[in-house]
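Participant: only geometry, no sequence info:
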């Protein structure tokens, strides 16, 4: 996987990241779902095309590319451990690995006899200088530099204004898979991914459901909505995943009380902690996708309050949190403040053993 976050950092920052994919298409029976017309959607901006999907139309000589590569390698090596020492950022070893990935995405042909001749690039050599300078000097996330992130078996378009999906968040898809296993009522129902960002979770859930269910993906950001739609369409899932713009449950009023399940990786970092995040995160990723208020609980509690009215009886939910304290708070809230609405509440650890997810069912 191409990751710019160091493993030790991902345990306390927002965890939330092979082609060709399997294309999942199906027809939805309006009579079986009994849906009202969806709310009208505003026009979203056109997403940027990732480097690896751009046509190789920029000529360059092998010697010029080698000169750029030597400069880029020297710049990466000069970092040493300074970023890691300051905020747990990437060291030179990781940056040099990213440099290789950048070459893989940008260069159409790089092996020529005697190292000479013309090659084709997917971005101009001048822009390659600019991109790598941004990566090192501005700490611009590598995923924004190349325009994509590898997540599960997917390669997802990402750009500024869209949260980069983290590996820990992959577990949300697995939790849904476990919930629908042997439960056709859930598998064939309506699902929602709230605050979808790049659309990663929604696409993952759609691939789990196969030709059975349907997924709504909502996000307040028009940039995120545009990127999510791009990713959904690239994987041929536009008949399964519907992306809607709006805040949390607000775009889903037509399916209130009908959801078989919903998931969310909402903002959950306390406001005062944002300034201390790794520069790639705190300076560049959208604050609206990170900042969960004074204690990080604002959006998590909002989702809990709306869960009972949105889920049908027996419906499933999974929420990602900042860790054990937030998990316990949510479980306590649902057992006491929302008494009688939910059952089978569980706290699930992530890959690192950190208590990260809260799951449960509507009674």
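Facilitator: Yep, it's here. Everything numeric in this text was worked out from a predicted model, so none of it was measured.
Participant: Could you list the low-pLDDT ranges of this structure?
Facilitator: Applying pLDDT under 70 to the chain flags the ranges 1-43, 110-117.
Participant: what about the residue nearest to residue 269 when sequence neighbours are not counted, distance to residue 152?
Facilitator: Once flanking residues are discounted, residue 269 sits nearest to residue 290: 5.0 Å by Cβ to Cβ, 6 or more residues apart in numbering. Heads up, the C-betas are built off the backbone N, CA and C, glycines and all. Using Cβ to Cβ, to the nearest Å, residue 290 is found at 22 Å from residue 152.
Participant: Hmm, residue 346 is touching residue 359, no?
Facilitator: Yes - Residue 346 is within contact range of residue 359, at 4.9 Å (criterion: Cβ atoms under 8 Å).
Participant: Just read off the phi/psi values of residue 341.
Facilitator: phi -90, psi -30 (degrees, to the nearest 10).
Participant: Can you tell me the SS state at the closest residue to it other than its chain neighbours?
Facilitator: Leaving aside its sequence neighbours, residue 341 sits nearest to residue 308 (Cβ to Cβ, 6+ apart; 4.3 Å). At residue 308 the chain is in helix, as set by DSSP: H, G, I helix; E, B strand; the rest coil.
Participant: ditto for residue 357
Facilitator: Per three-state DSSP, residue 357 ends up strand.
Participant: any idea how far the closest residue to it other than its chain neighbours lies from residue 63?
Facilitator: In space, and not counting its chain neighbours, residue 357 is closest to residue 348: 4.1 Å by Cβ to Cβ, 6+ apart. From residue 348 across to residue 63, the span is 53 Å (Cβ to Cβ).
Participant: same check, this time on residue 133
Facilitator: Look at residue 133 and residue 63: by Cβ to Cβ, they are 21 Å apart.
Participant: now swap in residue 325 and tell me
Facilitator: 57 Å.
Participant: about what we covered before: quick one: which helix or strand includes the residue nearest to residue 357?
Facilitator: strand 342-349 (DSSP states H and E).
Participant: So what's the gap between that strand and the chain middle?
Facilitator: Remark: strand 342-349 is offset 23 Å from the chain centroid, using Cα atoms, centre = their mean, to the nearest Å.
Participant: Over to stretch 209-223?
Facilitator: Put simply, stretch 209-223 sits 13 Å off its chain's centre (Cα atoms, centre = their mean).
Participant: okay, how far is it across it, tip to tip?
Facilitator: Counting by Cα to Cα, to the nearest Å, you get 26 Å between the two ends of stretch 209-223.
Participant: hmm, back to that, could you check which of residue 346 and residue 359 is surrounded by more residues?
Facilitator: residue 359 (20 against 13; other Cβ atoms under 10 Å).
Participant: hmm, who's touching the longest strand belonging to the chain?
Facilitator: In the chain, with assignment by DSSP state E, the single longest strand is strand 311-320. Applying Cβ atoms under 8 Å, 6 or more residues apart in numbering, the contact partners of strand 311-320 are 15-16, 168-169, 172, 175-176, 179, 185-186, 189, 257-266, 268, 300, 303-304, 307, 330, 356-363.
Participant: Beyond it, next helix or strand please.
Facilitator: helix 324-336.
Participant: Which strands or helices does that next one pack on?
Facilitator: Here helix 324-336 touches helix 298-310, strand 342-349, strand 355-362, going by 3 or more Cβ pairs under 8 Å, 6 or more residues apart in numbering; DSSP states H and E.
Participant: Try it again at 6 Å.
Facilitator: strand 342-349, strand 355-362 (3 or more Cβ pairs under 6 Å, 6 or more residues apart in numbering; DSSP states H and E).
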